[in-house]
Structure formats: structure tokens, C-alpha cells
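J.: Turn this into a structure:
(one chain, ligands or ions: 2)
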Amino acid sequence: MDQTPGIVVTGASGRMGRMLIEVISQSEAARLVGALERPGHDWIGRDLGEAMGGAAMGVTVGDDPLEAFANAQAIVDFTSPDATVAHADLAAQARAVHVIGTTGFAEEHLTRLKAAARHATIIRAGNMSLGVNLLTVLTRKVAEALDTSFDIEIVEAHHAQKVDAPSGTALMLGEAAAAGRGVSLDDVADRARDGITGARKTGDIGFTAIRGGDIVGEHDVIFAGPGERIVLRHVASDRSLFARGALKAALWGQGRGPGEFDMLDVLGLK
Ligand SMILES: NC(=O)c1ccc[n+]([C@@H]2O[C@H](COP(=O)([O-])OP(=O)(O)OC[C@H]3O[C@@H](n4cnc5c(N)ncnc54)[C@H](O)[C@@H]3O)[C@@H](O)[C@H]2O)c1
Ligand SMILES: O=C(O)C1=N[C@H](C(=O)O)CCC1
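T.: Ligands and ions are numbered 1, 2, ... in the order given. Model (predicted):
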């Protein structure tokens, strides 16, 4: 009998859902045991492979997380904040590792995820790629080394369908820069500029979001100082990058105790 961890993918028809299904079903380290979509979605009740336009996979797309999670060792969740928070309680009940790629959480969502992590292994990151996680480490180091005569600006670009801004990645980079400076991001984030804004406040960390076309994900962290500028950049050109990171997290989480972890834990970058 196959002893590899069984994984359920939520948001199966989404940009990331499809990518996750491809990556997990090609992996020898895990099995795809379920696929979920939101109630009312036209994939519900269909074979997943056929719904994706290929050969049957023997997995029927469902809309009942309780039933799907019962036989899973990991849930990989790239959906919406409300859906993910609901899934967190059910994943905890099923004792399945919950890998969360969803972004755009409000404070109330984060509080609920923290509560769920008292009983469950949650691995959450706004970006699952090695490169971006390494970039957060570099950003923190550069911010630590420079004083506030260097203005920090984070510029991100994503596809036209993205619904949240700033991106989860931009916020991760902002948190890293703020940590390097020994301040709280909430106190220094400047997330909206329009009209007569006045001069830039020293110490602020600014965010700019570009949306258009099919951009997968690009992030610049700019340190603009007197007479010079440092730019740290990450460009994602293929979504499978995020799916491979999420699978790595699901495998890393097996046998871990409850708690909230991130990709720095998974990648050994802490
Ligand atoms: N962390 C990362 O590395 C990373 C990478 C890419 C995208 N993301 C994030 O992942 C999320 C999804 O991105 P996307 O581009 O795939 O979006 P998408 O809109 O293409 O897909 C989301 C899917 O979730 C489904 N869904 C919504 N509610 C659901 C529910 N209750 N149960 C099951 N399925 C449900 C939707 O029907 C949709 O198919 C976004 O928050 C995005 O920012 C994170
Ligand atoms: O396509 C998206 O949506 C992405 N979301 C993540 C974010 O918000 O940073 C990661 C990059 C792609």
C-alpha cells in the first residue's frame, strides 16, 4: 500500500489549484487524494482530470471539506481568506497539515488562524518560492545595515486578475525590512499615495502595486539613499515555482507538532 502522504487541493480550478494538481500528481513523494471547489462550481461531481481537459484521474471534485479532509495528511490551500479560515478549523479536526498560500488576510482572519494553530500544523507564506524567501533574509540584512537616510520602497507587479494589494509577498518583504530596522510595519507602512500627499515621511516603508496582463509576480525592494540606490529584485516566470514550494511544505509538515510555521522554517533559512 502507498504510504506517501495524501494531499487535498482546495480551489482546484484556480490558477494555483491547477498547477498544484499537476505538480502533486507527478510527484512520487505524495498522492493527490482529493480536490475541492466552492459550492455551486461547475466542476463539482466531475472527475478532476476530465474537468481539467485531460484523462480521468479517479478523483472526483467535491465541495465538502469535512468529508475530503478526513482521509488526508495535508491540505494545500490557495483560495480566499474566508475559505482558508473555514478550512483551518476542519484541517485541525482532521489532524492534517494545512499549507496556506492564500493572501489578502485581514487581522480577524489571522487571529482565527493563530487559534487553529494551537491544535494544528499550519504552514503559511505569502510566497512559497525559495528565491523570495531568500530575498526576505537579504532585505532584513540590508535594512539592518542602512539608516533611515535610505528610503525603502516596495514595488510589486501581478496579473490583472489578482484581487489583493499589496501582494502577500510585498507584505513579507515589508515585514522583513521593518524587522531589520527594529520597527513595526504597522507603524511605518505607507500603502496609498494620491493627490497632494506631502513629502515622504522619514522611516516610512512605501508600497506600490502594478496590475496587468499575465504577470506571474515581480517584486523590487528599493533602498533609495543620498546619491545611490540599491534594488533587490525577484521575478517569478512560472507558477509551478509556488506549487513546488507548497508540496515541499506539505511534506516537511508531516509528523510536526501544532504551531504556525512559514517557508523560512521549511527551507531552513531561520
Ligand atoms: N503563497 C504563494 O506562493 C502564492 C502564489 C500564487 C498565488 N497565491 C495566492 O493564492 C490565492 C489564489 O490565487 P489564484 O491565482 O489561484 O486565484 P484563483 O481565483 O485563480 O483561484 C482561487 C480558487 O479558489 C476557489 N475557491 C474559492 N472559495 C472556495 C472554497 N470555499 N472552497 C474551495 N475552493 C474555493 C475559487 O473558485 C477559485 O477556483 C490568492 O490569494 C493568491 O494571492 C499565493
Ligand atoms: O498570483 C498571485 O496572486 C500571487 N500571489 C502571491 C502574493 O500575493 O504575493 C504570490 C505571487 C503570485
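
J.: The residue of the stretch 151-270 of the chain at minimum distance from ligand 1 sits in which helix or strand?
T.: Scanning the stretch 151-270 of the chain for proximity to ligand 1 using C-beta to the nearest ligand atom identifies residue 242 as nearest, at 3.6 Å. In short, each C-beta sits where N, CA and C put it, glycine included. Take DSSP states H and E as the rule and residue 242 turns out to sit in helix 240-252.

J.: List of residues touching that helix?
T.: Helix 240-252 is contacted by residues 5, 7, 16, 19-20, 22-24, 27, 29-30, 73-74, 76, 78, 97, 99, 101, 123, 125, 127-131, 236, 263, 265-267 when judged by C-beta atoms under 8 Å, 6 or more residues apart in numbering.

J.: taking the residues you listed one by one, which sit in helices?
T.: Among the contacts of helix 240-252, DSSP state H puts 16, 19, 20, 22, 23, 24, 130, 131, 263, 265, 266, 267 in helices.

J.: For the fifth one, which non-adjacent residue is spatially closest?
T.: The one in question is residue 23. Nearest non-adjacent residue to residue 23, counting by C-beta to C-beta, 6 or more residues apart in numbering: residue 243, 4.1 Å away.

J.: Equivalent analysis for the first one, please.
T.: With sequence-adjacent residues excluded and distances taken as C-beta to C-beta, 6+ apart, residue 16 is closest to residue 78, at 3.7 Å.

J.: Need the per-residue pLDDT for the residue nearest to residue 23.
T.: Residue 243 is assigned a predicted lDDT (pLDDT) of 98.

J.: give me the number of residues near it?
T.: 24 (other C-beta atoms under 10 Å).

J.: Please apply the same query to the one 5 residues further on.
T.: The criterion is other C-beta under 10 Å. On that basis, residue 248 has 18 neighbouring residues.
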